[in-house]
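Visitor: return atomic coordinates for the entry below.
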Amino acid sequence: MVTATRRIVSAAATALHHQAAVEFLRTWTKSSELLLIAPTRAAADELARAACVEGLSGVHRLTLRQLAAVLASEKLVGIGCAPLSQLAMEALAARVTHELRTKKQLPYFSPVADTPGFARALAATLTDLRLHDIDPATLEVTGAPGADLARLLRLFVLHLDRRSLADAAAILHAATEVAGVARHRFAGLPLLLLDVPIRSKLEQRFLAASAVSALAVLATVPSGDPESRSALMSALQADCEYLETLAEATVDRVRHYLFASEVPASTTVDETLDVFSAAGEGLECVEIARRLQALAANGLCFDRAAILLRSPERYLPLLEEALRRAGIPAYFSRGTARPVSTRRSR
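Guide: This next block holds a predicted model:
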């Protein structure tokens, strides 16, 4: 068994710990394949592109749930289990609800059990209970809602066993067993965890098992996510390093201290950020035009300026009029919508 070199870094500015991730990626890909885990596949791809100078090979980019599905697949096939989709999860939640209502065993939830959103809410609740490894007996002593949830959870698990289905919790259980014996194709690879949110006990256990055989481990976590930081420290058995630099520019100070309870005093004053308020949308657009004129007087070309609108349907006519009156040429675009990767146009 290989003892991994484990490191957890955290910073208020994302660029700081992402730089540490880029350095880790460049260092280990010189001599080994590497396993990169991120909240989304797009985030993993973006970091890999940022680290790519001449070329990178052998970087396996996955989310934590995707890694669990890969590791658990062979074991689930061996026992004849099929993964449960979200739609099937909601359908199964509706079925167990109907069975218990028919037997009059849902005294607390019965008044709302036939509402349209109940099956979806129940599916999410049962998933959370399973991911946190909550025993039905623990729920029964929490009152009337807990007693109903305990019955629903028991029947739900019974249906999973009868139909040989594996929900997210079952997949994580199987993946943890596989990761523990280190007999999978990712065993022994350096492990990079990029801002991966850890929200359940089963995810934490799976992460701990996956890190055991890793040649080296680097985990980055935003300073505003203490839950994931605590879970990572427990799973990796490592302390957290805080990468902080004193922010002086106004924009940097906003990035660092937007949600901080204490903000150090600034020693410099700059004009990188200007916050203003107006009595209405029309006056806001006039103030935007005035600021563009001031920037142009200081040498900024209009084609180097951009205005982003959160509610274009409200602001666009007013902004167009304000820019026209100020003599500022403008090009308006509605932008583009990013396609959903899980859907196809028909």
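
Visitor: the helices in the stretch 51-200 of the chain, which residues?
Guide: For the stretch 51-200 of the chain, helices defined by DSSP state H, counting those that start in this stretch occupy the ranges 64-78, 86-102, 118-131, 136-140, 144-163, 168-181.

Visitor: what's the lowest-mean-pLDDT helix or strand in the chain packed up against?
Guide: Among the helices and strands of the chain, helix 250-257 carries the lowest confidence by mean pLDDT, DSSP states H and E, at a mean of 72. Using 3 or more C-beta pairs under 8 Å, 6 or more residues apart in numbering; DSSP states H and E as the contact test, no helix or strand touches helix 250-257. Where C-beta positions appear, they are placed from N, C-alpha and C, glycine not excepted.

Visitor: and if we set it to 10 Å?
Guide: helix 14-28 (3 or more C-beta pairs under 10 Å, 6 or more residues apart in numbering; DSSP states H and E).

Visitor: could you export the helix it packs on as CSV, CA atoms only?
Guide: Extracted as CSV, the C-alpha positions of helix 14-28 are listed here (Å, rounded to 0.1, in the frame of the first residue of the first chain):
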residue,chain,number,x,y,z
THR,A,14,-10.0,31.1,-6.6
ALA,A,15,-7.0,32.0,-8.8
LEU,A,16,-4.6,31.3,-5.9
HIS,A,17,-5.5,27.7,-5.2
HIS,A,18,-6.1,27.1,-8.9
GLN,A,19,-2.5,28.1,-9.5
ALA,A,20,-1.5,25.4,-7.0
ALA,A,21,-3.6,22.9,-8.9
VAL,A,22,-2.0,23.9,-12.2
GLU,A,23,1.5,23.4,-10.8
PHE,A,24,0.5,20.0,-9.4
LEU,A,25,-1.0,19.0,-12.8
ARG,A,26,2.1,20.0,-14.7
THR,A,27,4.5,18.4,-12.2
TRP,A,28,2.9,14.9,-12.1
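
Visitor: which residue is the nearest non-sequential neighbour of V96?
Guide: Leaving aside its chain neighbours, V96 sits nearest to L155 (4.4 Å; criterion: C-beta to C-beta, 6 or more residues apart in numbering).

Visitor: look up how far G299 lies from the one you found.
Guide: Per C-beta to C-beta, to the nearest Å, L155 is found 71 Å from G299.

Visitor: before we move on, what about R310?
Guide: Computed as C-beta to C-beta, the R310 to G299 distance reads 29 Å.

Visitor: nearest to G224, of the helices of the stretch 51-200 of the chain?
Guide: G224 lies closest to helix 64-78 among the helices of the stretch 51-200 of the chain, at 19.3 Å (C-beta to C-beta).

Visitor: could you give the mean pLDDT of the closest one?
Guide: Average pLDDT, helix 64-78: 95.

Visitor: and it, what other elements does it pack with?
Guide: Applying 3+ C-beta pairs under 10 Å, 6+ apart, we find helix 64-78 packed against strand 34-37, strand 59-62, strand 82-83, strand 165-166, helix 168-181, helix 201-212.

Visitor: quick one, which of the ones you listed is packed in tightest?
Guide: strand 34-37 (a mean of 24; mean count of other C-beta atoms under 10 Å).

Visitor: for the record, mean pLDDT for that one?
Guide: For strand 34-37, the per-residue pLDDT averages 96.

Visitor: do stretch 90-110 as well
Guide: 96.

Visitor: what's it in contact with?
Guide: 84-85, 112-115, 118-127, 143-149, 151-160, 163, 165, 167 (C-beta atoms under 10 Å, 6 or more residues apart in numbering).

Visitor: can you check stretch 171-180 too?
Guide: With C-beta under 10 Å, 6+ apart, stretch 171-180 has contacts from 64-65, 67-76, 78-79, 81, 83-84, 130-131, 133, 166-167, 184, 186-187, 200-214.

Visitor: swap in 8 Å and give it another go.
Guide: Applying C-beta atoms under 8 Å, 6 or more residues apart in numbering, the contact partners of stretch 171-180 are 65, 67-69, 71-72, 74-76, 83, 131, 166, 184, 187, 202-203, 205-206, 209-210, 212-213.

Visitor: now swap in stretch 135-155 and tell me
Guide: Around stretch 135-155, the neighbours that count as contacts under C-beta under 8 Å, 6+ apart are 93, 96-97, 99-100, 105-109, 122, 125-126, 129-130, 134.

Visitor: if we go to 7 Å?
Guide: Residues from elsewhere that reach stretch 135-155, judged by C-beta atoms under 7 Å, 6 or more residues apart in numbering: V96, T97, E99, L100, Q105, L106, P107, Y108, F109, L122, L126, L129.

Visitor: quick check: buried residues in it?
Guide: Applying a neighbour-count criterion of 16 or more other C-beta atoms under 10 Å, one finds P136, L139, G146, A147, D148, L149, A150, R151, L152, L153, R154, L155 buried in stretch 135-155.

Visitor: I appreciate the help and will end here.
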